[in-house]
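K.L.:
Here is the input, now give the coordinates:
(chains A, B, C and D)
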Number of protein chains: 2
Amino acid sequence: MEEREMRYFVAVAEEGNIGRAAQRLGIAQPPLSRALQLMERRLGADLLVRTPRGVELTTPGEVFLRESRAALDAVDAAERRTRRAVERPGAVVLAVKAGVATELLGRLLDAHAATAGASPVDLLLTEFGDSEPALRDGRADVALLHLPLDGAAGLDHVVVGSEDLVALLPARHPLTAREAVTLAEVAALPDLPPPRWRSPDGTVPHGPGPLVRDQVQLAQLVALGRTAAIVPRSCARSAPTLVDGVGRGVGVVTVMDAAPLTVVLAWPGHGTAAGVRRLVDTAVTVSGVDA
Amino acid sequence: MEEREMRYFVAVAEEGNIGRAAQRLGIAQPPLSRALQLMERRLGADLLVRTPRGVELTTPGEVFLRESRAALDAVDAAERRTRRAVERPGAVVLAVKAGVATELLGRLLDAHAATAGASPVDLLLTEFGDSEPALRDGRADVALLHLPLDGAAGLDHVVVGSEDLVALLPARHPLTAREAVTLAEVAALPDLPPPRWRSPDGTVPHGPGPLVRDQVQLAQLVALGRTAAIVPRSCARSAPTLVDGVGRGVGVVTVMDAAPLTVVLAWPGHGTAAGVRRLVDTAVTVSGVDA
DNA sequence: ACCGATTACGGGTGCCGTAATAATC
DNA sequence: GATTATTACGGCACCCGTAATCGGT
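P.N.:
All right, here's what the predicted structure looks like:
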């Protein structure tokens, strides 16, 4: 089972159709079809069931898809991290979702910079759910994330802080006059349905709310009275200023009954580089908490 | 950077010598030498420094070695887990170091077997430090391990119990008359130096103690008055019976000042199969503790 | 009859092995 | 001079693409 075959299989599994997968891979169907058959013959079992409409995964196929993705990420990570070691020796890439835990991040970076022999830290600003994948495929070495980690992540982490949740509401909405609101109150606003985010796997949930890609869109939609959202407080801080020019505003109200989010510094556990270790050590001393 | 090249590079890094690596890989030196050069040209940096005696790693080379090992493990894991999914559908392989946490393991397996629709659990008995590698390269899906995990493992885990440490001493040694001993007392026995285990990476620590491979050897060496060892209590239970035929005996004494070992059920975090989830859930309910 | 997948066949890339060369102790 | 790594060259395997065939709706 070699790398090329795994890339082929993942493409086929994702497209559900050999022809489209071949197109995506930039090859013709026949070699792809043959490669799949060869893999199945070697395994002695089918990975795909051929339907008139395309292909579907068997149970072993699902296992192979999951494992192949992990393996291909690891392969890509090897090349990326090596290239980075060449181009920026000793540097550590820290992935952060834009706007999250800003002050915490600032403290961490300051403390790290004050460390003797501190390695340079490059920031990778990721969109929505992309910090964890970045860690896995080697674009980043360490990341600031919220618990819980998506899907039993297999990442080592230390807790570095927590932050509570707030509701973003149109500025003139009655609830903005309140000191605090509950999750239920926000959810019970039929004319302000919750926004929908694109999942990491590309699917989008159904619902009446607007589809948003980033914080700016969200802030604008809130200001325009199209949605209300629950976000970490550090994200809310920038929201009102983002829409200054719109002429309307965003109200920020504390959510009283939501458990605070735990912020962690996470990294792929296998064989950790010295630079990451030092950054983690700094984070532990800064936060005063440990894993 | 493809899989074949990574295997080449790992072999060279481990052998420290292109010729020997080629031999181990079953190819001739020239293609290996060329493959390495090609990789270095693509990266635009040296991975190896050529010495008259062989080769040594550069800093990027060390990064690439670490990442390549992880990637190759993941690639191997993909094939192994898929094959297992074909040959034993639904089965979960649990890795255990022979003799560890026996009663805990028994309770876990019994409880799991009593679960409705329980998947079959195959046991993989590993030697010394091999449970974690087995998890990484796909020989196992889940493992019983002691904390701390070796080298920031990147494994998810739940705590399932703990066990204290005991000293194994020759049966007629004066200390065996005691109710309990301290670590310092056992370490201070010059004629009973601690045994040396082969590390997972193949190196062996220096010291006066005998080199042991497994529990049987250890028990025999203790019975013969050549060493004294600190082991988890569950390992000690079998030791006296292992050397029954030797004519001498092994004494087991509680170590009072050693922190109990935490026993965890661990699994590779990325994309966990349903069977593993169910086993973990069972473990959580059995132990009544969580991560 | 169309879409999707598979078999058949020819061409080319690229990897490997043997042999010869260079460099260092 | 022995060991180790590199260059030169020829052969072969493997993979791909085009074209034709099979199967189902």
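
K.L.:
Would you mind listing the buried residues in the helix or strand residue A:283 falls within?
P.N.:
Element membership for residue A:283 (DSSP states H and E) is helix A:274-287. Neighbour-count burial for helix A:274-287 flags A:275, A:276, A:278, A:279, A:280, A:282, A:283, A:284, A:286, A:287 (criterion: 16 or more other Cβ atoms under 10 Å in any protein chain shown). For every residue, glycine as well, the C-beta is placed using N, CA and C.

K.L.:
Tell me the buried residues in stretch A:26-36?
P.N.:
A:32, A:33, A:35, A:36.

K.L.:
would the third one count as being in a helix?
P.N.:
It stands for residue A:35. Yes: under DSSP: H, G, I helix; E, B strand; the rest coil, residue A:35 sits within a helix.

K.L.:
secondary structure class for the residue lying closest to it once chain neighbours are set aside?
P.N.:
Once flanking residues are discounted, residue A:35 sits nearest to residue A:8: 5.3 Å by Cβ to Cβ, 6 or more residues apart in numbering or on different chains. Assigned with three-state DSSP, residue A:8 falls in the helix class.

K.L.:
From DNA strand C, how far off is residue A:8?
P.N.:
Remark: distance between residue A:8 and DNA strand C (Cβ to the nearest atom of the strand, to the nearest Å) = 11 Å.

K.L.:
Distance check, that residue against residue B:204.
P.N.:
If you measure residue A:8 against residue B:204 using Cβ to Cβ, to the nearest Å, the figure is 43 Å.

K.L.:
hang on, the earlier thing: can you tell me the number of residues neighbouring the residue nearest to residue A:35?
P.N.:
23 (other Cβ atoms under 10 Å in any protein chain shown).

K.L.:
For it, list the residues it contacts.
P.N.:
By Cβ atoms under 8 Å, 6 or more residues apart in numbering or on different chains, the contact set of residue A:8 is A:21, A:25, A:32, A:35, A:36.

K.L.:
repeat for residue A:92
P.N.:
By Cβ under 8 Å, 6+ apart, the contact set of residue A:92 is A:119, A:120, A:121, A:122, A:141, A:142, A:273, A:275, A:276, A:279.

K.L.:
what do you get if the cut-off is 7 Å, keeping everything else the same?
P.N.:
Counting by Cβ atoms under 7 Å, 6 or more residues apart in numbering or on different chains, residue A:92 makes contact with A:119, A:121, A:141, A:142, A:275, A:276, A:279.

K.L.:
Of the residues you listed, which ones also sit close to DNA strand C?
P.N.:
Residues of those in contact with DNA strand C (Cβ under 7 Å from any atom of the strand): none.

K.L.:
Mind picking the one among the residues you listed that's closest to chain B?
P.N.:
Chain B has its nearest neighbour among the contacts of residue A:92 in residue A:276, at 9.1 Å by Cβ to the nearest Cβ.

K.L.:
which SS class is the residue nearest the centre of chain A?
P.N.:
Residue closest to the mean C-alpha point of chain A, counted by Cα atoms, centre = their mean, is residue A:129 at 2.0 Å. Judged by three-state DSSP, the three-state class of residue A:129 is helix.

K.L.:
ok so, going back, Throw the buried residues of stretch A:26-36 into TSV and include pLDDT, thanks.
P.N.:
Shown next, in TSV, are the buried residues of stretch A:26-36 (pLDDT from 0 to 100):
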residue	pLDDT
A:32	93
A:33	92
A:35	92
A:36	93
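
K.L.:
what's the closest of the residues you listed to DNA strand C?
P.N.:
residue A:33 (3.2 Å; Cβ to the nearest atom of the strand).

K.L.:
what helices or strands is the helix holding residue A:283 leaning on?
P.N.:
strand A:92-97, helix A:102-113, strand A:155-163, strand A:261-268 (3 or more Cβ pairs under 7 Å, 6 or more residues apart in numbering or on different chains; DSSP states H and E).

K.L.:
how about a markdown table for the ones you listed, with mean pLDDT and distance to residue B:252 added?
P.N.:
Shown next, in a markdown table, are those (pLDDT from 0 to 100; distance: least, Cβ to Cβ, whole Å):
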| stretch | mean pLDDT | distance to residue B:252 |
| --- | --- | --- |
| strand A:92-97 | 92 | 47 |
| helix A:102-113 | 89 | 48 |
| strand A:155-163 | 88 | 35 |
| strand A:261-268 | 90 | 40 |
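
K.L.:
Out of the contacts of residue A:92, which two sit at the greatest distance?
P.N.:
Spatially, the most separated pair among the contacts of residue A:92 is A:119 and A:142, at 11.1 Å (Cβ to Cβ).

K.L.:
Quick one: mean pLDDT over stretch A:175-188.
P.N.:
Mean pLDDT, computed over stretch A:175-188, is 84.

K.L.:
Name the nearest residue to residue A:145, ignoring sequence neighbours.
P.N.:
That would be residue A:266: by Cβ to Cβ, 6+ apart, it lies 5.2 Å from residue A:145.

K.L.:
ok, residue A:41 - how many residues close by?
P.N.:
Residues near residue A:41, counting by other Cβ under 10 Å: 9.

K.L.:
Next to DNA strand D, which bits of chain A? Give me the list.
P.N.:
A:4, A:26, A:27, A:28, A:29, A:30, A:31, A:34, A:35, A:52.

K.L.:
Where in chain A is the helix or strand with the lowest mean pLDDT?
P.N.:
Taking mean pLDDT, DSSP states H and E as the measure, the helix or strand of chain A with the lowest value is helix A:233-242, at a mean of 69.

K.L.:
which is the next helix or strand following it?
P.N.:
Following helix A:233-242 in sequence, per DSSP H and E, is strand A:250-255.

K.L.:
what does that next one contact?
P.N.:
With Cβ under 7 Å, 6+ apart as the test, strand A:250-255 has contacts from A:164-171, A:173, A:175-176, A:178, A:180-183, A:219, A:222-223, A:230, A:236, A:239-240, A:243.

K.L.:
Just the ones in strands from these, please.
P.N.:
A:165, A:166, A:167, A:168, A:169, A:170, A:180, A:181, A:230 (DSSP state E).

K.L.:
Next, format these as JSON lines and append neighbour count.
P.N.:
Formatted as JSON lines, the ones in strands among the contacts of strand A:250-255 follow (neighbours: other Cβ atoms under 10 Å in any protein chain shown):
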{"residue": "A:165", "neighbour count": "20"}
{"residue": "A:166", "neighbour count": "24"}
{"residue": "A:167", "neighbour count": "28"}
{"residue": "A:168", "neighbour count": "27"}
{"residue": "A:169", "neighbour count": "26"}
{"residue": "A:170", "neighbour count": "22"}
{"residue": "A:180", "neighbour count": "13"}
{"residue": "A:181", "neighbour count": "21"}
{"residue": "A:230", "neighbour count": "17"}
